[in-house]
Structures are given as C-alpha cells and as structure tokens.
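A.B. asks: sequence unknown, structure follows:
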Ligand SMILES: [Zn+2]
C-alpha cells in the first residue's frame, strides 16, 4: 500500500519531466544530477514518503487541490508581514516576517519542483503596500494587495505562512494549520496538519482550527485557504529552531506534502 502510493508521486514527475517510471528510478536520479538538484531530490524522497504515509490513512481525501473546468490550481504562497511590518517578535528581537519568507520560498521551490503552479505575494523582505502616510495605512494597503493577488488568480489555493507568539505561555510550541470559510479549506488544513504532526509536532499532535473571522486576508479571499502558524516566537528553543534552514525546509516539505495530498492532478467536482 505504501509502496504503491510512493510510486504515484514518481508518476507525477513522469507527467512533468517526460520520465517514465517503467524505465526505473535510476534515469530519474541521473536526470536530477544533470540538473544539479540532488539536494531537492532528497527532499522530494522525503515528500514522497510523507505523502505515502498520509495517503495510507487518508483514502477518502477530497480533491481540493485539483483542476477545475480545465484550469489547474495555482497556489498563492503568502509569507505574512514584511518590511517595516515584522509581525510577531521574539524577546531576543527575531521578527516573524523573515522566517515566514524563508519558509515560503522553500514551499515555492518544492511546489514548483513537483509541477505545481505557484504565485508568491512577496519574494523579498518588503511590504507590498502602494500607499499610506502612516504605518497603519500602509498595512491596510499591503493586505488589500494580498487579497487582490489571491482573488485575481484563477482556481487559487492560498497558503499563508506565519509564526505565532504567546508570551503568557513560554513553553507552548509547535505548528498549527487554520482554515478559512471557503469550501475545501478545512480538508486542506486537516491534511497539512497531519503532515505537520508527522514531521514537526512529533511529541504532541496539534488539531487544526477554523481561523477567527478577524483575520482580514483569510476572510476576504475567495479561495480555499490555509494559514500555517509554523511555531512560537515566545518559545526560546523553537525560536532557535525556526531560524535553522534545515527546520525551515522540514516545515516547507510538510506543508507541501499536506497540500499535494489533497488531490493534485485530478479534476475537481
Ligand atoms: Zn503573523
């Protein structure tokens, strides 16, 4: 069962790269070497394994992540905050915006390598406002632009990346997914949470939740959306981990695998 699902991931590469699974795994490896992308292959093997585990226990998944009326899904990857808006900040001065961007860029790389269309709301450490005399006004302009990017993208799925903070409970840690009110978003968050629990929350699983209606972006986008709070900047050890590229990649791989387990490549209803 697990082997069968693992092969289906390689079959996905087959569609994108013209590599036949029937020729075996070796040509795939050789091609990847030619492209000097061994490091990505290693994490795709990780992704395949993770997705296999997910699919093993998730046979009745919903095709949230599927083409509709012939239009493939485009994942809008949103690194929260940016520029003068650093978001949550640790006691040592580490701002979430840079960590959000580092993880989001890795999600983008892994999604694209898997053949998934993507758009990023920002790919630099900037705010994307176009107007505003005050910081508050610039934040409003920034968030409106993010909504516009999502809502102008056909058959979009939004993946927003953030870091949490709960100074009243410095031991609290772990990654958690939140869904918005759009159809399919809950299934997406459940799938992403399963992947996060396997890869990140190994001591204690977290439960995905519906996002509060006060979160403007998630409320105003018309796409099924998941917001991932990757960890807590109020936890000293997790703040250290969140700055490590290996942990950022582990988070990105889990988020990507959780999304792709939601029916990539199938026609939605
Ligand atoms: Zn945030």
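C.D. replies: Structure's in. What do you need? Just so it is clear, the structure is predicted and the values come from calculations on it, not from any experiment.
A.B. asks: what residues of the helix or strand that contains residue 249 count as buried?
C.D. replies: Element membership for residue 249, per DSSP states H and E: helix 245-260. Buried residues in helix 245-260, counted by 16 or more other C-beta atoms under 10 Å: 247-260. Placement of C-beta: from N, CA and C, glycine included.
A.B. asks: what do you get for stretch 206-223?
C.D. replies: So stretch 206-223, judged by 16+ other C-beta under 10 Å, has buried residues 206, 208, 211, 215, 217, 218, 221, 223.
A.B. asks: and the residues you listed, which is closest to the ion?
C.D. replies: Of all the buried residues of stretch 206-223, the ion sits closest to residue 215, with 9.4 Å by C-beta to the ion.
A.B. asks: now do the contacts for that closest one.
C.D. replies: Residues near residue 215 by C-beta atoms under 8 Å, 6 or more residues apart in numbering: 178, 227.
A.B. asks: for it, give me phi and psi.
C.D. replies: Main-chain dihedrals, residue 215, degrees, to the nearest 10: phi -80, psi 100.
A.B. asks: ok, now how distant is residue 257 from residue 184?
C.D. replies: 17 Å (C-beta to C-beta, to the nearest Å).
A.B. asks: meant to ask about residue 132
C.D. replies: For residue 132, the distance to residue 184 - C-beta to C-beta - is 34 Å.
A.B. asks: and these two? which has more neighbours close in?
C.D. replies: For residue 132 versus residue 184, neighbours defined as other C-beta atoms under 10 Å are more numerous around residue 184 (21 against 14).
A.B. asks: going by proximity to the ion, name the top residue of the chain.
C.D. replies: Counting by C-beta to the ion, the chain gets nearest the ion through residue 162, at 3.6 Å.
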